[in-house]
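Undergrad: Kindly generate the corresponding structure for this input.
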Amino acid sequence: MARALDVVGKRWALLVVRELLLGPKRFRDLQRGLDRMSQNVLSQRLRDLEGAGIVHHRQIGPPVSARVYELTEEGAALEPVLIALGRWGRGRPLDTSGPMSPDALLLAMRTTFDPAIAGDFAIEVDVQLGNDRVAVTVDDGELRMMRGPASHPDARIVGDVAGVRAMLYRGGTVAEAVETGTVTVEGNLEAVQELVDAIR
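TA: Have a look, this model is predicted:
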């Protein structure tokens, strides 16, 4: 354990990993998701994680050239660790008034998803959180996510992070969330409700 904490135990390190779980990001995208973290600290954590073989960077383009950061295979192996930590922390007091990044919300969904409640239920949902778009799929009791639009969605959920978070975790039905304007849902509303029930 001491060896692992030497690599990922510094403050913010695992949150950087969290922000990269669904795919590569530019530095400014990481900053947006970690808005309480200074630019200098983010730069240092990226250097630390690159040195440890958890993260690497590469250039993309043309037509638009940019440097992106992404997890290595060793870094991606930390996903179950982050989910386990999220489950461990569920019973701890949390300040829900602060901002939450799209990736933090998506990891929370992975953390609270209950395959026993999902059963043999299956759905593919296109989730749009501001500028982020993610395909969320449930099949065979497993919740999977991939950045980008869903290929054959049964429904589409559109809202900001606060709105989708409220629909998922603050009680009430999906229909009520739609009625109050918290989110917009197109397609199979009943299936979306089943998805929410398995995540709460």
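
Undergrad: What count of nearby residues applies to the closest residue to A52 other than its chain neighbours?
TA: Once flanking residues are discounted, A52 sits nearest to V7: 4.5 Å by Cβ to Cβ, 6 or more residues apart in numbering. C-beta here means a position set from N, CA and C on the backbone, and glycine is covered the same way. Using other Cβ atoms under 10 Å, V7 has 16 neighbouring residues.

Undergrad: hey, where'd the helices end up in this structure?
TA: Counting by DSSP state H, one finds helices in the chain at the ranges 2-8, 13-20, 27-33, 39-51, 73-76, 79-89, 102-112, 115-118, 161-169, 174-179, 189-199.

Undergrad: Determine which of those approaches S151 most closely.
TA: Minimum separation from S151 across the helices of the chain (Cβ to Cβ) falls at helix 189-199, 16.3 Å.

Undergrad: In the lowest-mean-pLDDT helix or strand in the chain, which residues are buried?
TA: In the chain, the helix or strand scored least confidently by mean pLDDT, DSSP states H and E is helix 2-8, which has a mean of 81. The neighbour-count check on helix 2-8 (16 or more other Cβ atoms under 10 Å) flags 7-8 as buried.

Undergrad: Same check on stretch 21-33?
TA: 21-22, 24-25, 27, 29-31, 33.

Undergrad: Spatially nearest residue to A155, not counting backbone neighbours?
TA: Closest residue to A155 apart from its sequence neighbours, by Cβ to Cβ, 6+ apart: G187 at 3.3 Å.

Undergrad: Of all the helices of the chain, which one comes closest to G148?
TA: Across the helices of the chain, closest to G148 is helix 102-112 (Cβ to Cβ), at 12.9 Å.

Undergrad: rewinding a little: for the buried residues of stretch 21-33, which one is nearest L106?
TA: Of all those, L106 sits closest to L22, with 6.7 Å by Cβ to Cβ.

Undergrad: you'd agree that closest one is up against V136?
TA: No. L22 sits out of contact with V136 when judged by Cβ atoms under 8 Å, with a separation of 10.9 Å.

Undergrad: residues shared between the contacts of those two?
TA: Common contact partners of L22 and V136 (Cβ atoms under 8 Å, 6 or more residues apart in numbering): M145.

Undergrad: So which other helices or strands are in contact with the least confident helix or strand of the chain?
TA: Helix 2-8 sits against helix 13-20, with contacts defined as 3 or more Cβ pairs under 8 Å, 6 or more residues apart in numbering; DSSP states H and E.

Undergrad: relative to helix 39-51, how tilted is the helix it packs on?
TA: When axes from the mean of the first three to the mean of the last three Cα atoms, to 10 degrees is applied, the directions of helix 13-20 and helix 39-51 differ by 80 degrees.

Undergrad: Helix 13-20 vs helix 102-112, what angle?
TA: 100 degrees.

Undergrad: Could you list every helix and strand in contact with helix 13-20?
TA: If contacts are counted by 3+ Cβ pairs under 8 Å, 6+ apart, helix 13-20 sits against helix 2-8, helix 27-33, helix 39-51, strand 55-60, strand 66-71, helix 79-89, helix 102-112.
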